[in-house]
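**Student:** Predicted model, plus sequence, below.
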Amino acid sequence: MKFKQANNLPTAFLSDSEARHYIEARSQYQYPKAYLEKASAQQHDIALSGTLFGRFVVCPASNTDLSLDDYHHQLLNANDPADRLLGLASVIYWGYFTFGDAYARNRVDWFINGHQAQPPTTASLAHAHTTRALHHLTTLNMAQALHALNGLSQLSRTPFASKVIAFMAPSVAGIYDNRIATGLASASWASGLSSGIGQIHSSRVQHCYQSWCLYLSQVASHLNLGIGLGKPWQWSCGKDQGQAWRALDVERAFFALYGMGDRRNPENPHSALERPE
């Protein structure tokens, strides 16, 4: 069976060795577990609106896992505009937490109350932008889903807008941040995938993100096909064991690999996670 890559070239089925490198890399993914939850008016850390209050939650020594993915996914796909607002704020806090708790909280404040030329984000504004993004995701148009977030404070560039899209639709979308872009820039096979950092209104950025998500989905499909054929290709990480692959999981494998300081990439795109001997 042949699959299509982002550059429209056919790719062969994954070998056991190649699959093992994805599995090993995914098992080493590390990112702090931090999020924003609803709180009472009497005990809260931040007011998201006149009636919605939040509390910042940090889970010491805990890793981002499927339960946190599901938490953000449910909020961003909820019908209630207040839940959408909470979901966006929580993803921003999660994403910036590696810069420090105070820094991340400040970014959430800018998201809610506006910053410089960016307006405050209300529940209705959050709902309008995320509804457009979700509409485009139904047709797997990740480029326009990304663009739909343009105009929201803190979400004008790929690294954070793509975090929102990835949590909205983890089966078909992944994150595209500076670590990913830097790693891909060293890969000869990824020349069309390494120029995606920038303003999300850019057609270049949108096209690159679409291609990146397509590539991630194709690799996930290969791995899941192997699982369906009886191969032990499920991924495990922490408490999450024996899992099928999503596009987001393939991206996290790349994120883990590139975080190890090894950005060398073989010519075969399906061996992109293979460490040199």
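**Tutor:** Right, received. Where do you want to start? These figures come from a predicted structure and were not determined experimentally. Numbers count the residues shown, from 1 in each chain.

**Student:** Stretch 60-73: end-to-end distance?
**Tutor:** Stretch 60-73 has an end-to-end distance of 22 Å (Cα to Cα, to the nearest Å).

**Student:** List of residues touching it?
**Tutor:** Stretch 60-73 is contacted by residues 29-33, 35, 87, 90-91, 94, 167-168, 170, 237-240, 243, 248 when judged by Cβ atoms under 8 Å, 6 or more residues apart in numbering. Every residue, glycine included, has its C-beta placed from N, CA and C.

**Student:** Just to be sure, which of these are found in strands?
**Tutor:** 32-33, 35, 237, 240, 243 (DSSP state E).

**Student:** which of these count as buried?
**Tutor:** 32-33, 35, 237, 240 (16 or more other Cβ atoms under 10 Å).

**Student:** Widest-spaced pair of the residues you listed?
**Tutor:** Tyr35 and Cys237 (18.0 Å; Cβ to Cβ).

**Student:** And the strands in the stretch 51-200 of the chain?
**Tutor:** 53-63 (DSSP state E, counting those that start in this stretch).

**Student:** Return the member of the ones in strands among the contacts of stretch 60-73 nearest to Ser217.
**Tutor:** Nearest member of these to Ser217, counting by Cβ to Cβ, is Gln243, at 16.0 Å.

**Student:** before we move on, back to that, would you reformat the buried ones among the ones in strands among the contacts of stretch 60-73 as a markdown table and include pLDDT and distance to Thr122?
**Tutor:** Formatted as a markdown table, these follow (pLDDT from 0 to 100; distance: Cβ to Cβ, whole Å):
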| residue | pLDDT | distance to Thr122 |
| --- | --- | --- |
| Pro32 | 97 | 28 |
| Lys33 | 98 | 28 |
| Tyr35 | 98 | 21 |
| Cys237 | 97 | 37 |
| Asp240 | 97 | 35 |
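
**Student:** any chance of those in a markdown table, plus distance to Val205?
**Tutor:** Shown next, in a markdown table, are these (distance: Cβ to Cβ, whole Å):
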| residue | distance to Val205 |
| --- | --- |
| Pro32 | 27 |
| Lys33 | 29 |
| Tyr35 | 27 |
| Cys237 | 29 |
| Asp240 | 31 |
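
**Student:** Kindly state the pLDDT recorded for Ala166?
**Tutor:** pLDDT, Ala166: 98.

**Student:** rewinding a little: would you mind checking which of the ones in strands among the contacts of stretch 60-73 is nearest to Cys213?
**Tutor:** The closest of the ones in strands among the contacts of stretch 60-73, once distances to Cys213 are taken by Cβ to Cβ, is Gln243, at 19.3 Å.

**Student:** beta partners for that closest one?
**Tutor:** Trp235 (DSSP bridges).

**Student:** Tell me who's in contact with it.
**Tutor:** Gln243 neighbours (Cβ under 8 Å, 6+ apart): 66, 234-236, 249.

**Student:** of the residues you listed, buried ones?
**Tutor:** Neighbour counting with 16+ other Cβ under 10 Å marks 66, 234-235, 249 as buried within these.

**Student:** Gln42: which of these is nearest?
**Tutor:** For these, the nearest to Gln42 is Leu66 (32.2 Å; Cβ to Cβ).

**Student:** separation between that closest one and Lys33?
**Tutor:** 11 Å (Cβ to Cβ, to the nearest Å).

**Student:** Spit out the contact partners of Leu137.
**Tutor:** 145, 165, 168-169, 172-173.

**Student:** Good, we can wrap up now.
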